[in-house]
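**Q** Got a predicted structure here, sequence first:
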Amino acid sequence: MEATQEQMLSILELILPKEILEYFVIVDLQIQPKEVHLYIDEKNIVPEECKEEKLTSKGFHPEAIIQDFPLRNKALYLHVRRRKWEVESTGQIVSKTWNLSAKGTRYSNEFASFLKGLLGYLPD
């Protein structure tokens, strides 16, 4: 039985943080013996506060790596690239702000909450 794209998206919605599929596109998936690496890029949707400005795409910020819940005993790492734009009138670089990782960690918000509840602290 072959899964449809809609079925695959439904499964991914259960696994990934909710913002991922709405605002990011999956560009690569690498499955290794002990790790899964999911590479995602922010969709080309300009920040709401800059809708009236003339913007020029300036590519992506450096990749951030966020650890999420393990999948089938494999560590899951999200490789996130956020877009950036230049406001032509001022030369200012603008980007959207995302809260994909818990403050001061490289864990997803949900995974950090789980670990803190389980262990009482966040491991290094």
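**A** That came through, no problem.

**Q** and Leu21, how many neighbours does it have?
**A** 15 (other Cβ atoms under 10 Å). Quick note: C-beta positions are derived from backbone N, CA and C, even for glycine.

**Q** That one touches Met8, doesn't it?
**A** No: the pair Leu21 and Met8 does not pass the contact test of Cβ atoms under 8 Å, sitting 10.6 Å apart.

**Q** The spatially most central residue of the chain bridge partners, please.
**A** Nearest to the mean C-alpha position of the chain, counting by Cα atoms, centre = their mean, stands Val80 at 4.6 Å. Going by DSSP bridges, Val80 is paired in beta bridges with Ile40, Ala64.

**Q** how far is stretch 13-29 from where the chain is centred?
**A** 7 Å (Cα atoms, centre = their mean, to the nearest Å).

**Q** so how far is the first residue of it from its last?
**A** This stretch, stretch 13-29, spans 16 Å end to end (Cα to Cα, to the nearest Å).

**Q** Other residues contacting stretch 85-100?
**A** 17, 19-20, 23, 42, 46-47, 49-50, 53-58, 61, 64, 66, 78, 80, 82-84, 108-109 (Cβ atoms under 8 Å, 6 or more residues apart in numbering).
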